[in-house]
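**Q** Fold the following.
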Amino acid sequence: MEFRSSDEVLDFAMGQERRAADFYGFMAEKTSDVVARKFFREMVEEELEHEARLKAVKAGKSAGLGLKKSSQMNLTEILNDAVFKEDITLQEGLVVSMRAEKAAYEMYRDLARAAGDDELKALMESLAAEELEHKARMEGIYDQVVQREN
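**A** Below is the predicted model:
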């Protein structure tokens, strides 16, 4: 994907964050597991916060940057593929979510590499780090909830 301006990068990233928030909202309503429901609702808020940060930068405001380190279990690399469907299970939803967060990390990493200015690059790097944190948290939920049931 090629972008002609910083605004195009920001618009694309905002759309991705909105879609992620919508998916996590769907998963929160679908799951009967209390821990997973709480987690997915938190994820909605975090994705909407990402969208708000991107909008702020587009409007010429500060990005509110802060890089985070993440520890990962890398479950995404060993779990079978799952795809989104209306009757998705919690396990499948977590797998889809972990893969989506990994893809979001890779997207932001690539956008940071291609960024034309330092502020945009720093924002993309910060968001990449946060997506890795989301993935790590999902791996923890997967381990806590799904592995416990199996």
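
**Q** Which parts of this protein are helices?
**A** Remark: helices assigned in the chain by DSSP state H are 6-30, 34-58, 90-114, 118-141, 147-149.

**Q** Same list (these) but as JSON lines, adding mean neighbour count.
**A** Where you see a C-beta, it was placed from the backbone N, CA and C, and this is true even at glycine. Listed next are the helices of the chain as JSON lines, based on neighbours: other CB atoms under 10 Å:
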{"stretch": "helix 6-30", "mean neighbour count": "17"}
{"stretch": "helix 34-58", "mean neighbour count": "18"}
{"stretch": "helix 90-114", "mean neighbour count": "19"}
{"stretch": "helix 118-141", "mean neighbour count": "20"}
{"stretch": "helix 147-149", "mean neighbour count": "9"}
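
**Q** could those helices go into JSON lines alongside mean pLDDT?
**A** Formatted as JSON lines, the helices of the chain follow (pLDDT from 0 to 100):
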{"stretch": "helix 6-30", "mean pLDDT": "90"}
{"stretch": "helix 34-58", "mean pLDDT": "90"}
{"stretch": "helix 90-114", "mean pLDDT": "88"}
{"stretch": "helix 118-141", "mean pLDDT": "91"}
{"stretch": "helix 147-149", "mean pLDDT": "67"}
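
**Q** how far away is G93 from F40?
**A** 8 Å (CB to CB, to the nearest Å).

**Q** OK, contacts around the residue lying closest to K55 once chain neighbours are set aside?
**A** Nearest non-adjacent residue to K55, counting by CB to CB, 6 or more residues apart in numbering: M14, 6.4 Å away. Going by CB atoms under 8 Å, 6 or more residues apart in numbering, M14 touches E51, L54, K55, K58.

**Q** So which of those residues is the closest to R109?
**A** Set against R109, the nearest of those by CB to CB is L54 (15.7 Å).

**Q** pretty sure that closest one contacts A13?
**A** Yes: with contact defined as CB atoms under 8 Å, L54 counts as touching A13 (5.2 Å).

**Q** Overlap of the contact sets of the two?
**A** Taking CB under 8 Å, 6+ apart as the criterion, L54 and A13 both touch L127.

**Q** Overlap of the contact sets of G93 and F40?
**A** The contact sets of G93 and F40 overlap at M27, T31 (CB under 8 Å, 6+ apart).

**Q** what about A115, distance to R4?
**A** From A115 to R4 the distance is 13 Å (CB to CB).
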